[in-house]
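Engineer: Predicted model and sequence follow; I will ask about them next.
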Amino acid sequence: QLLESGGGLVQAGGSLRLSCRISGGIINDYTIGWFRQAPGKEREGVACINMNDRRTYYGDSVKGRFTISRENTRRTVYLQMNNLKAEDTAVYYCASDFDLLFGSYHLTPDPYETWGQGTQVTVSS
C-alpha cells in the first residue's frame, strides 16, 4: 500500500514537500514514481527513483525545480517541489513497481502495479 500526504494550497513561487509511505515488501526492490493528473489531461510522469541505488529520472517540465528522494528506514519517498507554478496544479500520485530493473520508462504509468489515492496540489497565481 502507498499513502501520499503533504498536498495543499500554495502561492506561485512557493514550495511543498509530498511524502509517499510504502507499506509491505522489501523496500530496496521497488521503484517509486510520482505522477500528476490535472483535470482533462493525461497522467504525467513527474519523477521516479530506484530505492536500491537512488538513480532518478525527472519529467522535462519539473527538471531543476522538483527533487525526489528516499529514506528507506522510514519507508518513505519525498517529492520536494520548489518554485511552483500554476501549471503544477494537479492531483499527485505515487506508484510502486516491484522490479529490480530501472529505466526512463518508469516515467510512464505502465510499469507500476500499485497506486496511492492521490493528494491535491493547488498553486495560485
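Structural biologist: Thanks, I have it.
Engineer: tell me the SS of the residue minimising distance to the centre of the chain?
Structural biologist: Central residue of the chain (Cα atoms, centre = their mean): Trp34, 2.0 Å from the mean position. Of the three states, Trp34 takes strand according to DSSP: H, G, I helix; E, B strand; the rest coil.
Engineer: and the nearest residue to Val121 once chain neighbours are set aside, what does it touch?
Structural biologist: Spatial nearest neighbour of Val121, excluding adjacent residues (Cβ to Cβ, 6 or more residues apart in numbering): Gly7 at 4.8 Å. Every residue, glycine included, has its C-beta placed from N, CA and C. The contact partners of Gly7, by Cβ atoms under 8 Å, 6 or more residues apart in numbering, come to 16, 18, 92, 119-121.
Engineer: give me that answer again for 10 Å
Structural biologist: 16, 18-19, 81, 90-92, 118-122 (Cβ atoms under 10 Å, 6 or more residues apart in numbering).
Engineer: Show me what the residue nearest to the centre of the chain bridges to in the sheet.
Structural biologist: Ala47, Cys94 (DSSP bridges).
Engineer: May I see the ChimeraX selection of the buried members of the contacts of Gly7?
Structural biologist: Selection of buried members from the contacts of Gly7 for ChimeraX, criterion 16 or more other Cβ atoms under 10 Å:
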select :16,18,19,81,90,91,92,118,119,121
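Engineer: could the contacts of Gly7 be laid out in TSV, adding pLDDT and secondary structure?
Structural biologist: Shown next, in TSV, are these (pLDDT from 0 to 100; DSSP: H, G, I helix; E, B strand; the rest coil):
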residue	pLDDT	secondary structure
Leu16	98	strand
Leu18	98	strand
Ser19	98	strand
Met81	98	strand
Ala90	98	strand
Val91	98	strand
Tyr92	98	strand
Gly118	97	coil
Thr119	98	strand
Gln120	98	strand
Val121	98	strand
Thr122	98	strand
